[in-house]
Every structure is written in C-alpha cells, then in structure tokens.
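In: Give the three-dimensional model of this entry:
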Amino acid sequence: MPLAPYAADPAAGQGREFAENRAGTRGPRSEFQRDRDRIVHSIAFRRLRSKTQVFIAPDGDHYRTRLTHSLEVSQVGRVVARALGLDEDLTEAICLGHDIGHPPFGHAGEAALEAAMAERGGFDHNAHTLRVLMRLESPYCDHPGLNLSWDVLEGLAKHNGTLTAPNWALHQLDEAFPLDLGAWPSLEAQVAALADDVAYDNHDIDDGLRAGFLTLDDLMELPMLADRYREVERRFPAAKTEQRLRELVRSQIGAMVNDLLETTRARVAGLRSVAEVRAHPGPLAAFSPEMGAAERGLKKFMYAKLYYHPEQLAAAEYARDVVSRLFAAYDQDPATLPDGWHAALPTSEPERSRHLADFIAGMTDRYAIDQCVRIFGRAPEGLRHV
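Out: Reported below is the predicted structural model:
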C-alpha cells in the first residue's frame, strides 16, 4: 500500500544525533526499521518483561507486564497506521519504546523517585525514556545511546503532546539534539499515543477481571460496555461468561479503532505533507467527541474500580517504600551499588542523585525486591497480592 502524502518518510527525516557510516552493513532496512530493531534488541526493552503494568509483582503468569503491553500497543498502532497510509515501522518503533523509561513497580515506583529527586530536578518516566535511549543504553562503539532517528525521538518525547516546560532530563537532551518540542509530532506518533490508550483501557479490564477486582456487574455500570456486552450475549447465547467477557474486550478495541480511523481520516483530508501535520495547531489523530467522552468515562471508572482499589493502593505503598529505602541506602552507602555503578558515581549534586535514580529506574520489580533482601535482610511484604 503506498504511503499517504502526510506520512513520515524514512528517507527524508532529520537524521540522527551522531553521523553513522553503516550503509550496506546491516541489511536492506529503512531508517525507521533500524530504529525499531535497535529498540527491540536493547537490554532496556527486555527488562520490560519484569516491570509492572497494573499489578505489582503478580504471582500469576497471565497478567500483563510493560513488555506485553508494549507489544499490544504496537499491534494496535500498526493496524491504524496501515489503514491510514502511514509509515508502520515508525509507528511501531514509537509504540515499542514508549514505556522504556518506567521504573520498577510502575507509577508507584515513579512517585517514590519523584519524591527522592524533588530537590534535584525530579523524575519523569517519559523524559527518562529519552534518557535511556539517547544516553544510558550504549552498545555501540562510536556513540552514546542507540542513536535513534529524530522522528522516533520526537514521537517519544511528545507521547503526551507538545511540551513548553520539559524537565531537566529532556531539556538537556533537547539542547543536544533539538526535537522541536512545541510543535505537534508526526501522525505516526499521534497514532502511537492513541494506540496506548486503546490497549491499556481495554486490556486492563481483562486483567482486572482475571484478578477479581472487576466483575461483570461493575462493567454493566458503564453504558458503553453494557450495550456492547448485551450485543455479545445476543451473538453468542451459548458461550460461557468468561468467553463473552473476552469477546467484549475485543469488540471494544475494534469499536475504538474504527472510530479513531473514521475521525482521523476526516481530519487529515486534504493534507499534503508531514510538515502540514506538524504545523497544525492541534492533534489530528483523534477519537470522535462521543467516543472521546466515553473513553474518558472508562478511565474514570478504571481508576475508581481498579487502579485505586484498596489492595492496589496498599501494594503501591509497599512499592513506594521499597524504592525510597533503596535510594536512601545507596545515597548513604554507595558501596552497596554494583561495582560499575559505584565506580561511575559522580561526586557532586545533582549529578550524583541523578546517577542513583538512573540505576534504580532501570531495575525490574524482581531485581528491586532482591536488592531489598540483600541490603535489608528481608523481602518487602505486601507486594505479591494477585
């Protein structure tokens, strides 16, 4: 399928931070294909398999992690990009990389690092994604970071929209390799951001049902879900409730994707270049007003019923305590750091604290728990609750 005129062109991008001379040495891939593969092959991406999505250090093997979530976002993003005539590889690279900056224990771990770093510039997982990919993960001989293309980095930086006041990490990176933070990103990046919403809005329902934190009666409180479930009942009268619920999730994803496609096609009609996309005063990829309102209602419902469930809040408090205590322990006795991290520890602030935050943010849930056992002599209580 030919690309639309407003799609990003891998042969006409704004290059990479560091010049490379690897033509012909890595196979016949486009620049965006190379970016996607660099992300997939990175250590930071592999660590996502043991980082919290919703449930912290779950006992069950069937719950989603940051890795499986990223793969699901990528699947949704590719479908939408293909239907809109966008570059699928750029969309996929942004989808796969968007959560790499998350610390252990998800948003609970992030809250603990934010508090620990409050006097030293703070911590933000989205900016840390860029920091990991541009500086911390450095497998190449001739440059720091993965040296991803400008288009991928721009899309990751603007995952939540344009930025007028980036935190210290993103500000430093933007000074080194300007990402035009005040302009809207490519349609591929906008699609990746909405694919994230589609994936976690619906897959978190699936995990919440599996954990017993959500019930069918809960879902029937939302007209959007209730109407769709009754349609599933009509179509599959002999199916088991568990099968119907999974069909509900699939059906809901399909409805959101179709709405996104219809709305976005109408909004981009007549555009002739990716430059027009970036010059537009607002996002072009979007849900319809009706679906947007329903999606916001679904998020509100999920916070009330799942994310702020008493057991979830208790586990989050334990997780924040783990990250806070680890930061304090490394700060007070740097010898407890692994040799490589200890040897590279800066002597002045805020660089010293930011180095500690880099180390902790890279941990998986399991590694953070193991470090807690090694330093304090016991495993943290209350984290394995599913």
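In: Show me which helix runs longest in this protein.
Out: Longest helix in the chain by number of residues (criterion: DSSP state H): helix 241-268.
In: Can you tell me what sits against the helix or strand just after it?
Out: With elements assigned by DSSP states H and E, the helix or strand that comes after helix 241-268 is helix 274-279. Under the contact criterion C-beta atoms under 8 Å, 6 or more residues apart in numbering, helix 274-279 has outside partners 6-9, 180, 183-187, 268, 271, 284. C-beta: built from backbone N, CA, C; applies to glycine.
In: Please convert those residues to TSV, extending it with distance to Leu214, secondary structure and neighbour count.
Out: Below are these laid out as TSV (distance: C-beta to C-beta, whole Å; DSSP: H, G, I helix; E, B strand; the rest coil; neighbours: other C-beta atoms under 10 Å):
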residue	distance to Leu214	secondary structure	neighbour count
Tyr6	39	coil	22
Ala7	38	coil	22
Ala8	38	coil	27
Asp9	43	coil	16
Asp180	41	coil	15
Ala183	39	coil	15
Trp184	35	coil	21
Pro185	33	coil	29
Ser186	35	coil	27
Leu187	33	helix	32
Val268	36	helix	20
Leu271	40	coil	17
Leu284	33	coil	19
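In: Out of the residues you listed, which is nearest to His41?
Out: Nearest to His41 out of the contacts of helix 274-279 is Ala8 (C-beta to C-beta; 22.0 Å).
In: what sits against that closest one?
Out: So Ala8 contacts 32, 86-87, 90, 151, 186-188, 274 (C-beta under 8 Å, 6+ apart).
In: at 7 Å instead, please
Out: For Ala8, the contacting residues are 87, 90, 151, 186, 188, 274, by C-beta atoms under 7 Å, 6 or more residues apart in numbering.
In: Widest-spaced pair of these?
Out: Leu90 and Val274 (10.3 Å).
In: quick one: low-confidence parts of the stretch 51-200 of the chain?
Out: The stretch 51-200 of the chain contains residues with pLDDT under 70 at 58-59.
In: can you give me the helices in it?
Out: With DSSP state H, counting those that start in this stretch as the criterion, the stretch 51-200 of the chain has helices at 66-84, 88-97, 106-116, 125-131, 150-157, 168-176, 187-211.
In: Name the nearest residue to Ala176, ignoring sequence neighbours.
Out: Once flanking residues are discounted, Ala176 sits nearest to Glu17: 6.8 Å by C-beta to C-beta, 6 or more residues apart in numbering.
In: Would you agree Leu48 is in contact with Leu67?
Out: Yes: the criterion here is C-beta atoms under 7 Å, and Leu48 meets it with Leu67 at 3.8 Å.
In: of those two, who's got more company?
Out: Neighbour totals were compared for Leu48 and Leu67, and Leu48 leads with 22 against 18 (other C-beta atoms under 10 Å).
In: residues in contact with the more buried one?
Out: Contacts of Leu48 were listed using C-beta under 7 Å, 6+ apart, and they are 65-67, 70, 99-100.
In: again, only using 6 Å
Out: For Leu48, the contact set (C-beta atoms under 6 Å, 6 or more residues apart in numbering) comprises 66-67.
In: for Ala195, same thing?
Out: 73, 76-77, 95.
In: Need those residues in TSV (columns: neighbour count and distance to Ala115).
Out: As requested, the contacts of Ala195 are exported to TSV (neighbours: other C-beta atoms under 10 Å; distance: C-beta to C-beta, whole Å):
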residue	neighbour count	distance to Ala115
Val73	27	28
Val76	25	33
Gly77	30	33
Cys95	31	30
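In: Please identify which two of the residues you listed are farthest apart in space.
Out: Pairwise over those, using C-beta to C-beta, the maximum falls at Val76 and Cys95, 7.8 Å.
In: ok, Pro166 - how many residues close by?
Out: 19.
In: Leaving out sequence neighbours, find the closest residue to the residue most central in space within the chain.
Out: The centre of the chain sits closest to Asp99, judged by C-alpha atoms, centre = their mean, with a distance of 2.7 Å. Leaving out its chain neighbours, the residue that sits closest to Asp99 by C-beta to C-beta, 6+ apart is Arg66, at 5.0 Å.
In: Hmm, Lys51 and that neighbour touching each other?
Out: Yes: with contact defined as C-beta atoms under 6 Å, Arg66 reaches Lys51; the gap is 4.1 Å.
In: Who has more neighbours out of those two?
Out: Lys51 (28 against 23).
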